[in-house]
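# please find the sequence and the predicted model below.
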Amino acid sequence: PASCPSGRSRLLFRAYDGLGSIRSFEIQRRYSKIDTGPKIQGGVRNCPLGSTSHSNCRGASVVPSAVTGAEETAMQIIPGSVYPLGPSAYHSEDGSVAGVNFAVASAHAKNVQLVLFDVQGEELSTLNLFFNEEEGVWHGAVPDLPQKDILYGVKVSGDGGWETPFRWDSQRVLLDPWAPYVVGRSRFGMRDDFERFVSPDGSRFLGTYCLEEDDFDWGDDYDRPNIPENDLIIMELAVRSFTASPTSGLDEEKRGTFAGVAEKVDHLVDLGINAVELLPVFEYDELEFQRHKNPRDHMTNIWGYSHLSFLAPMSRFGSQTSDNRAADSIAAAREFKEMVKTLHSRSIEVIVDVVYNHTAESDDADPYLLSWRGIDALEYYQQIPGGHPALVNLSGCGNTVNVNGRRGKELVIESLVRWVEEYHVDGFRFDLASCLCRDSHGNAMDDPPLIREIAKHPVLSKVKLIAEPWDLGMYQVGSFPAHGKWSEWNGKYRDDVRKFIKGDEGMKPALATRLSGSEDLYGSSGRKPYNSINFVIAHDGFTLADLVSYNEKHNDANGENNMDGTNDNFSWNCGVEGPAHNQLHIQDLRYKQMKNIHVALMMSQGTPMILSGDEYGQTRHGNNNWYGHDNDMTQFDWNQLKENEGWYRFYKSLIHFRRTCPLLGKTDFLTGNCITWHEDRWHDPDSKFLAFTLHDRDQEYVGDVYCAFNAHPFEVTVHLPHPGDGRRWCRVVDTNLPSPRDYVEGGNGGVDQTYKIQSHSSIILISKGDA
């Protein structure tokens, strides 16, 4: 307990010698804030292997440390349980809680030491764990250890140097991959004494636990939204950037946090989306680029695609800071739950972007030894076999996780289940998911075990599963091993829509296919239109405003001579690169193009995804790889919602139209009975006009919906199809018109049967009956 006095202690450690007897070791050691209480003699009741003699376990010992002592305290380590991995409550023979059990998987290590710390990160003691050779697990129970307010790590040693697949460092305290919470520096982007930063080795991160934590109160009337996939409208959102700006109006401690997202739920509801896809929220080191002098040492990682834990929420996305680092980390986890609860109460689902393809530990050229690599690199990472094994790098980040190996797969499954059952998330977007389709040497697998198990899992098969279906060596859009369940980020949708809207030749058939739900990609595998996650803008790449303002990326601020970020942007600056001050015709054209893209997205069958910030026209000044800038370039500017209220009105109104129109978001691919294409120039590459009518055959709406896109630099006059007996066409959208005429709720009073669609414009009409 935190109330216990600190002091120097004379500790008595007891360890099994592996031969069935107990040996005692007395050492002088500082032991702060722990009351060990009465000692437990023996007892390995929790061992699931059913062997109280632990015949498969090698003996443990105590590692003495040169620390002076004072008052006497005694504690012991006993074999405890091989499972579960990580920290768990240790029980005495009568079933009462009597300490904490630790279990760490490392089949190739020769010794694993448990290192305990107080809540401020001061070392308390080091104990050698027992080894179960059959399971490849190091384990031990510490009787009377508190059920919370303890930090811990492990030191791992083994045979061989870098000529082997392993990267042992017996002096480095490593993070347990199964630690439920992680403790690091206290405030986002601000170093402190706790992390004990040393260049180039980096910072210290420790695990913690709360085994007596009360169940979170989700509320008596709480229920998950359970939104059908075909009804989803997803917004991609970075927790840090969303509310970090003072313009958020939040108290400073809440800016850039889970609590900050919850505070802004009214904006999300007003916008009309019903799911947020959060950029990574697992623990990561936002200062990883600042470990040593390099071209990126000015950057702070705000995206988080560099995990150092798969189980723990990002502690610095919490708002609580105190002297008790363990309590702060657990408070951050509770704030994540509060955020989910708040979003769910407003019928907004939470999808989490997960990065199981690589970790923050980098490669041999720039190693950052934090956890998996120092514990058992061969088990956790894909490696190229040979005299000097090298890490497979299909992520572009230095390493690739061996998720189809025993421990890697086990950890990923446990992570996903924990985030569903403990944190109530509604789904996952898997970053570089093609990396998860490879074996331990990086070879592509036809039926990767992890992907199959997730799709068939009794818990995971019931949530949204979204793959980013590519890595540095594979592009699996439309061919990801879906098992009838997985959806995909549709990169072909993004490219085809961008190309048509900016006026590329020969794109009309491709746009029609994408607007129809990409049956060419998903029809043959038994999937549905909603398995296509349609997006034109995402965190990777230009914002919507920049897509129509820049022909080239401008990433000089990233420190890599503009070499990073994609060059395949399919963007058009409308005549001027960058800001077009005092050039109203350029500004108007860009505004129209932004509206055209939004119309295409909302009128497409499939699941639309938008990016936070586009609702007010956020610019990053042409930077299409903005992961490392925690400043005005990236932070959501809440003042702009008012300053750009005309655009915001159009943007959210079209989302509302999408949600209320049953002819969109269909559960099956369109047939000839559902749609009519008003085209006879499909194979003319010069034709940049496309029009169609969605038919209300079931009379479930106010009538048919007509939509047309004109990507020509000249107007096109169209003769509208017959709206139906006793009906007329009414204009909902004309992107050529200024706000508020560009969007008319419910449609205007009616239009002529001949309509002039202006250059670089699109329209939406609805068929209405006479009053």
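Arrived safely, thanks for sending.
# confidence score at the closest residue in space to Gly478 that isn't next to it in sequence?
Setting aside the residues directly before and after it, Gly478 is nearest to Leu521 in space (CB to CB, 6 or more residues apart in numbering), at 3.2 Å. All C-beta atoms are positioned from the backbone trio N, CA, C, and that covers glycine. For Leu521, the model assigns a pLDDT of 97.
# where does Leu521 land in three-state SS?
helix (DSSP: H, G, I helix; E, B strand; the rest coil).
# list the buried residues in the strand or helix carrying Glu410.
Here Glu410 is covered by helix 406-421, with elements defined by DSSP states H and E. For helix 406-421, a neighbour-count test (16 or more other CB atoms under 10 Å) marks 407-409, 411-416, 419-420 as buried.
# that one - contacts with which helices or strands?
Here helix 406-421 touches strand 349-354, helix 372-380, helix 449-456, going by 3 or more CB pairs under 8 Å, 6 or more residues apart in numbering; DSSP states H and E.
# any chance of CSV for the ones you listed, columns mean pLDDT, mean neighbour count and distance to Tyr152?
Formatted as CSV, the helices and strands packed on helix 406-421 follow (pLDDT from 0 to 100; neighbours: other CB atoms under 10 Å; distance: least, CB to CB, whole Å):
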stretch, mean pLDDT, mean neighbour count, distance to Tyr152
strand 349-354, 98, 24, 25
helix 372-380, 97, 25, 14
helix 449-456, 98, 18, 28
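# save those as a markdown table, and put in distance to Leu670 too.
Below are the helices and strands packed on helix 406-421 laid out as a markdown table (distance: least, CB to CB, whole Å):
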| stretch | distance to Leu670 |
| --- | --- |
| strand 349-354 | 26 |
| helix 372-380 | 45 |
| helix 449-456 | 26 |
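# for the stretch 1-150 of the chain, which spans come out with low pLDDT?
1-75 (pLDDT under 70).
# mind checking how far the residue nearest the centre of the chain is from Tyr522?
A centroid search over the chain (CA atoms, centre = their mean) returns Asp353, at 1.9 Å, as the residue closest to the centre. According to CB to CB, to the nearest Å, Asp353 stands 22 Å off from Tyr522.
# same question for Ala109.
In terms of CB to CB, Ala109 sits 45 Å off from Tyr522.
# for Leu124, find the nearest of the helices and strands packed on helix 406-421.
helix 372-380 (21.1 Å; CB to CB).
# report the angle between that closest one and helix 406-421.
110 degrees (axes from the mean of the first three to the mean of the last three CA atoms, to 10 degrees).
# list of residues touching helix 372-380?
With contacts defined as CB atoms under 8 Å, 6 or more residues apart in numbering, helix 372-380 is touched by 104-109, 154, 156, 165-169, 172, 174, 177, 359, 361, 367, 381, 383, 399, 401-402, 405-408.
# so which residues make contact with the helix or strand hosting Ile501?
According to DSSP H and E, Ile501 maps onto helix 491-502. The set of residues external to helix 491-502 that reach it, using CB under 8 Å, 6+ apart, is 469-470, 475, 477-478, 507-508, 510-511, 513-514, 518, 521, 532, 534-536, 538, 547, 568-572, 593, 596-597, 600-601, 604, 606, 688, 690, 709, 711.
# so Asn402 makes contact with Leu391?
No - the pair Asn402 and Leu391 does not pass the contact test of CB atoms under 8 Å, sitting 10.1 Å apart.
# what residues are shared contacts of those two?
Common neighbours of Asn402 and Leu391 (CB under 8 Å, 6+ apart) are 381-383.
# same list, those, but as CSV with pLDDT, distance to Gly304 and neighbour count please.
Converted to CSV, these look like this (pLDDT from 0 to 100; distance: CB to CB, whole Å; neighbours: other CB atoms under 10 Å):
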residue, pLDDT, distance to Gly304, neighbour count
Tyr381, 97, 20, 25
Gln382, 97, 22, 26
Gln383, 95, 25, 19
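# can I get those in TSV with distance to Arg240?
Formatted as TSV, these follow (distance: CB to CB, whole Å):
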residue	distance to Arg240
Tyr381	28
Gln382	30
Gln383	33
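# how about the helices in the stretch 601-750 of the chain?
640-643, 645-660 (DSSP state H, counting those that start in this stretch).
# what's the answer for the chain, then?
All helices of the chain, identified by DSSP state H, fall at 239-243, 258-263, 265-271, 325-345, 372-380, 406-421, 449-456, 491-502, 508-515, 519-522, 544-547, 584-602, 640-643, 645-660.
# mind checking how far the helix holding Ile501 is from the chain centre?
Distance of helix 491-502 from its chain centroid, counting by CA atoms, centre = their mean, to the nearest Å, is 25 Å.
# and that helix, average pLDDT?
Helix 491-502 comes out at a mean pLDDT of 98.
# buried sites along it?
Those would be 491-502, for helix 491-502 by 16+ other CB under 10 Å.
# try stretch 525-538
In stretch 525-538, counting by 16+ other CB under 10 Å, buried: 527-538.
# any stretches of the protein with poor pLDDT?
For the chain, the ranges with pLDDT under 70 are 1-75, 387, 699-702, 771.
# give me that answer again for 80
1-75, 213-214, 386-389, 698-702, 770-771 (pLDDT under 80).
# wait, which of the helices of the chain is closest to Cys435?
Of all the helices of the chain, helix 449-456 comes closest under CB to CB, at 10.4 Å.
# for that closest one, packing partners?
Against helix 449-456 (3+ CB pairs under 8 Å, 6+ apart) you get helix 406-421.
# repeat the analysis, applying 10 Å as the threshold.
helix 406-421, strand 427-430, strand 464-467 (3 or more CB pairs under 10 Å, 6 or more residues apart in numbering; DSSP states H and E).
# export the ones you listed as CSV, with columns for distance to Leu129.
Shown next, in CSV, are these (distance: least, CB to CB, whole Å):
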stretch, distance to Leu129
helix 406-421, 16
strand 427-430, 32
strand 464-467, 36
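# right, and those - which one's nearest Pro295?
That would be strand 427-430 among the helices and strands packed on helix 449-456, by CB to CB, at 29.5 Å.
# parallel or antiparallel, list what pairs with the closest one.
strand 349-354 (parallel), strand 464-467 (parallel) (DSSP bridges).
# quick check: buried residues in stretch 733-744?
733-737, 742-744.
# same check, this time on stretch 572-581
572-574, 576, 580.
# can you redo those as a markdown table with distance to Val261?
As requested, the buried residues of stretch 572-581 are exported to a markdown table (distance: CB to CB, whole Å):
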| residue | distance to Val261 |
| --- | --- |
| Trp572 | 33 |
| Asn573 | 33 |
| Cys574 | 34 |
| Val576 | 36 |
| Ala580 | 34 |
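# of those, which is the nearest to Lys652?
Once CB to CB is applied, the member of the buried residues of stretch 572-581 that ends up nearest Lys652 is Cys574, at 23.9 Å.
# need the contact list for the residue nearest to that closest one when sequence neighbours are not counted.
Counting by CB to CB, 6+ apart, Leu589 is the residue found nearest to Cys574 once chain neighbours are left out, at 4.5 Å. Contacts here follow CB atoms under 10 Å, 6 or more residues apart in numbering; on that basis Leu589 touches 548, 572-576, 580, 583, 713, 759-760.
# same check on Val281?
Counted by CB under 10 Å, 6+ apart, Val281 has contacts 238-240, 258, 261, 304, 307, 312-314, 317, 332, 336, 339, 350, 352-354, 419, 423, 425.
# now it: closest residue in space, sequence neighbours ignored.
Per CB to CB, 6+ apart, closest to Val281 is Met314, 5.3 Å.
# what number of neighbouring residues does the one you found come out with?
26 (other CB atoms under 10 Å).
# over to Asp520?
Residues near Asp520, counting by other CB under 10 Å: 13.
# and for His678?
15.
# list the contacts for it?
Contacts of His678 by CB under 10 Å, 6+ apart are 689-693, 706, 708, 718-721.
# quick one: Val269 from Pro740, how far?
21 Å.
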